[in-house]
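show me how the following folds:
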Amino acid sequence: MKKLLHHSTMPYTKINNLLGWLCFVVAAITYTLTLEQSVSFWDCGEFISCAYRLQVSHQPGYPLFAMIGKVFSLLSFGDRTKVAYFTNLCSAIASAATIMFLFWSITALAKKLTAKTYADAMPQQRLISIMGAGLVGALAFTFSDTFWFSAVETIVFALSSLCIALVFWAILKWDAHADEPGADRWLVFIAYVMGLSIGIHLLNLLTIPALTMVYYFRRYKNVTFKKGFMVFLLGVALLAFVQYGIIQYTVKFAGWFDFFFVNSLGLGFNSGAIVFFIILIGGIVWGTLYSIKHKKYYVHLALMCLSFLYLGYSCFMYVPIRSTANPTLNNTHPDNAFTLASYLNREQYPPSPLLYGPYFDGQAIDQVQGKARYRKGEKKYKKTGYRQTVVYDHNTILPRMFSDDGDDPQFYRQWMQMDDGHTPNFADNLGFMFSWQIYQMYARYFLWNFVGRYNDMDGQQSMTSLDGNWTSGLFDGMKHLPKSVTESPSYMPLYGLPLIIGLIGMYYHFKRRKRDALVITLLWFFTGIAIVLYVNQPSIQPRERDYSYVGSFYAFAIWIGLGVVAISEWVQQRFKFPKASLAATALCLLCAPVLMAFKEWRGHDRSTKLTAHDMAYNYLISCPPNAILFTYGDNDTYSLWYAQEVENIRPDVRLVNLSLFTSDWLIKQMQHKVNESAPLPITMPYDKYKEGVRDIIYFNDEHIPGHIEVKELFDFITSDDPRTHVKYQSGLEANYLPTKNFKITVKPDDVIKNKVVSANQHKMIADSVVWKYNSNLIVKNNLAILDMLAHNNWKRPICLTVTAGMSNMIGLDDYLYREGFTYRLLPLKPDTALNDQGDKVNTAVMYDNVMNKFKFGNFKHARFLDQQSVVMFYPTLTTTFLTLADALIADGKTDMARKVLNRFDEVLPNLDPFVDVANRKAHMAEAAYHVGDYKLGNKLTGNIYDYLTDELDYNATVFEDSPNSVDVRTVNFGVYILNNMVRYTKAAHQDALATKIEKQTRAYEQKFAPILQPME
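Numbering: from 1, shown residues only. Below you'll find the model as predicted:
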């Protein structure tokens, strides 16, 4: 064996390096070819904006990510439309580097694994086995679903994965050279990378327990279970020390120092923080010199690691520096130690209880006052109140079903099949943890990556439905799956082959090298199940969360690689095949990476899609000049931020995210000019809405007759006069809302002068806008809206994204008119005859926007459309065209309506993400017949018929085999739509088509008779 190692060192090193770089090239080409060409959905728009203009993103901040993204954005050389491409390319390159380091990690482990397996006479077979393991494992991870998704857009998980790969590769390098002088420099390097990774994402810290065990196994000869367990606990303690002691308490201590220096000594802000960091740095320097002088090696090593950890963590100085510069995006405005600590601790998001807490049906019985909260005043830090901890009467250890927010209690009962009278117990609690949190929200994702999946629809709410579920594909032929699944690019059956290879590799690893296998297990556990237990997701998430567990999938990919070694040895021993290693490598390459690339390429090729970019454009272009646009969710906010901050699209529109508008810092920012947008008409001085002041104003009915002017009401609820206050049960005296009946008197001449409406709409202008406020309390965002309504005087258009929901506009539904992707507040006489106030259209403006200004993201020809494009924006566009066509028909403008319907057919593909969209398109077909376009009506009707019969045929097979598993809503709604189609095709004298649909409909009514219910 010594001879083998001696003669193969140079070839091994060269081949190992070359194949590692080959993996990098393959991954880089893959991700570049499938790269999103512009901004994508969710956080990407915010991240690109913050990178391009070095702004402050949402908690806990990603400063190093922003700085690296800025470097890549410079490759656009001033072409703003290319910035997103190059920041996306940053993720692609980082992901390719991750694959390269994964290859080297697998070969390092495979080299140790094969040390006693191959005879000295078989060096070539050993080399092929090692390199084959690296290729199979690294390339399998290259084409894995979750990792590929993050590799082609600007998101933190690509760079975070690189940090994981880098530190794991580094600990294996240390392991290989631990007996050599200076080897511990690898540990210092790891500490530095971990410090840097904090500025990207905290996921990398979860490798600490695994790295600790590598150190223990390598440094100590007398390894025992007891000592090993203690070292494991030490690793967990080190993780907690970095997470809390370094990341959080360093800033908290700085805040306490600053509080003392400012409030007690009268010095300026940040003076105490500076003194604290001088003491901290001085202490580390002194300790380092002391350890050198007294030859305390391990103390010196620990202090060097701590120093470099802090050095990496120092990238967070970016946050207060850039916050002080007041960029457009300045989340939380963390310009001092107190707000920075709150920012890092994510205090904006309510924490989930971990070890002890309430059940969702618990009733509050007490409230315990916690630590004081402070904010920055003019010269001192001022107390804003105290943190409050609510005490409940029904509690448990390890609470999993704890949230009483919104629909969460209903979801718990539905998931665990508990009736309304059932009181949840610990068995229910654990059942929810295992069935939903661990299986549905982790194991399902794991199986997506290594077994296969039906589609990319959201599947959080069901373990049995097709949407979002995993499948091997082996038995799908017997299920008679609908074409909406089998013909979708996101149908990715892998036949379970990558999983099988990985399980073989895992078994073999434990059999041959238990210690190394335990390290991989810890890496897999802490980057997977441990996250599930720590995050303690309360209920349905806004999106699938598989990206959170990419480190766990990375660990399993190592075992997929080692599966090559296991299969190679088995073939060699059983069949005495001289080229077993080559055969095993070829077989595993075909069964894992080649199969995965073939099956998943279509579902990850985003190179022809521009939906996020163009939908953001449509939101902004729907707004009149100098408009105020209220948004609510991520996907109607972040891509709009990108459009304005990066591409300078409609910089005159002021974006206001209502979910963030409850914060005093955002209201204050809105009182300043941004880009080309003047300050919002918010007149309140900061002292009237700062944290701790008017956080909530409660309704206390004074039975005031009639409607009160908003300005008068606003002055009342913001008055500091004690006569405008009421005493609450708590003893607090504060403002209150005396009535919910509001009005704004309208001056028609001013409205026309300000171009709110056109002169020919003069007779439609209301004398006053009157409405009933739709809540029992006023929080800060509603207070600011009332301020704007009271003082805007119709000078600036007020708009709301159609995806935000009318309920966010405090009851003004009767006065919101669609003008594209937005509703606009217009002082027109309300049409109370409408069942759905969302159908009101300002037709002339909306027609111009939709027909002449809108862009459609290459919807028609894109090779792949992601879930947000299909489920959120395709239905939104369908409704937009239908609403406009219906409004034009009602106005008697049938020619224009026909053009609108044909434009829909021209620019959008035939998609039916769910049965509700088919219903909208059926109404569209009926409208086409109404305006005399029988060709389009027949085309739409035929498409809908094909979709519905395919879905109903599938449900018929399910109904025969398992009646309780049938999708009752789809069946009922589908038959209802078919009956409508019969009606309107008969009315349009399309007799042959009507007869065909009617015959099929009656057949379905007979098949599904036991579950059909009348629908209106």
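
what does stretch 514-521 contact?
Residues from elsewhere that reach stretch 514-521 (Cβ atoms under 8 Å, 6 or more residues apart in numbering): 109, 112-113, 210, 213-214, 217, 223, 506, 509-510, 555, 558-559. Where you see a C-beta, it was placed from the backbone N, CA and C, and this is true even at glycine.

which among those count as buried?
Buried by 16 or more other Cβ atoms under 10 Å: 109, 112-113, 210, 213-214, 217, 506, 509-510, 555, 558-559, out of the contacts of stretch 514-521.

report the lowest-confidence entry in the contacts of stretch 514-521.
Among these, residue 223 carries the weakest pLDDT, at 88.

now, which of the contacts of stretch 514-521 sits nearest residue 185?
Checking those against residue 185 by Cβ to Cβ gives residue 214 as the nearest, at 15.8 Å.

isn't that closest one right up against residue 171?
Yes: using Cβ atoms under 8 Å, residue 214 makes contact with residue 171 at a distance of 5.0 Å.

one step back: tabulate the buried ones among the contacts of stretch 514-521 (a markdown table), appending distance to residue 882 and secondary structure.
Shown next, in a markdown table, are the buried ones among the contacts of stretch 514-521 (distance: Cβ to Cβ, whole Å; DSSP: H, G, I helix; E, B strand; the rest coil):
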| residue | distance to residue 882 | secondary structure |
| --- | --- | --- |
| 109 | 58 | helix |
| 112 | 64 | helix |
| 113 | 61 | helix |
| 210 | 55 | helix |
| 213 | 60 | helix |
| 214 | 60 | helix |
| 217 | 65 | helix |
| 506 | 53 | helix |
| 509 | 57 | helix |
| 510 | 59 | helix |
| 555 | 48 | helix |
| 558 | 51 | helix |
| 559 | 51 | helix |
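
of these, closest to residue 656?
residue 555 (42.8 Å).

ok, the closest one to residue 701 distance?
Using Cβ to Cβ, to the nearest Å, we find residue 555 at a distance of 60 Å from residue 701.

which residues of the chain score low on pLDDT?
Along the chain, segments meeting pLDDT under 70 span 1-10, 118-122, 1016.

please redo it, this time with the cut-off set to 80
Where the chain drops to pLDDT under 80, the residues are 1-10, 116-122, 347-350, 576, 578, 729-731, 832-838, 1015-1016.

which among the buried ones among the contacts of stretch 514-521 gets closest to residue 73?
For these, the residue nearest residue 73 by Cβ to Cβ is residue 555; the value is 32.3 Å.

my read: that closest one touches residue 526, true?
No: with contact defined as Cβ under 8 Å, residue 555 does not reach residue 526; the gap is 9.2 Å.

re the thing from before, any chance of the contacts of stretch 514-521 in a markdown table, plus distance to residue 493?
A markdown table is the format used below for those (distance: Cβ to Cβ, whole Å):
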| residue | distance to residue 493 |
| --- | --- |
| 109 | 30 |
| 112 | 35 |
| 113 | 31 |
| 210 | 32 |
| 213 | 36 |
| 214 | 37 |
| 217 | 39 |
| 223 | 43 |
| 506 | 22 |
| 509 | 27 |
| 510 | 29 |
| 555 | 24 |
| 558 | 24 |
| 559 | 21 |
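
could you list the residues in contact with stretch 577-588?
Under Cβ under 8 Å, 6+ apart, the answer for stretch 577-588 is 125-126, 128-129, 131-133, 135-136, 501, 560, 563-565, 567-569, 571-572.

mind checking how far that stretch is from the chain centre?
Here stretch 577-588 is found 42 Å from its chain centre; the criterion is Cα atoms, centre = their mean, to the nearest Å.

now residue 415, nearest residue through space, not along the chain?
Leaving aside its chain neighbours, residue 415 sits nearest to residue 436 (5.7 Å; criterion: Cβ to Cβ, 6 or more residues apart in numbering).

what count of nearby residues applies to that neighbour?
24 (other Cβ atoms under 10 Å).

likewise for residue 806?
Residues lying near residue 806 (other Cβ under 10 Å) number 18.

equivalent analysis for residue 420, please.
Using other Cβ under 10 Å, residue 420 has 7 other residues around it.

in a strand, it, correct?
No: Residue 420 is assigned coil when assessed by DSSP: H, G, I helix; E, B strand; the rest coil, not a strand.

now do the SS call for residue 444.
Per three-state DSSP, residue 444 ends up helix.

so it sits against residue 469, correct?
Yes: if you go by Cβ under 8 Å, residue 444 and residue 469 touch, sitting 7.0 Å apart.

contact partners for the residue nearest to residue 858 when sequence neighbours are not counted?
Distances taken as Cβ to Cβ, 6+ apart place residue 610 nearest to residue 858, at 5.1 Å, with adjacent residues excluded. Residues in contact with residue 610 (Cβ under 8 Å, 6+ apart) are 37, 38, 855, 857, 858, 862.

then residue 170?
186, 189, 190, 193.

near the second one, how many other residues are there?
Right, residue 189. 18.

list the contacts of it.
Neighbours of residue 189 in contact, by Cβ under 8 Å, 6+ apart: 170, 308.

quick check: it vs residue 170, distance?
Distance of residue 189 to residue 170, computed by Cβ to Cβ: 6 Å.
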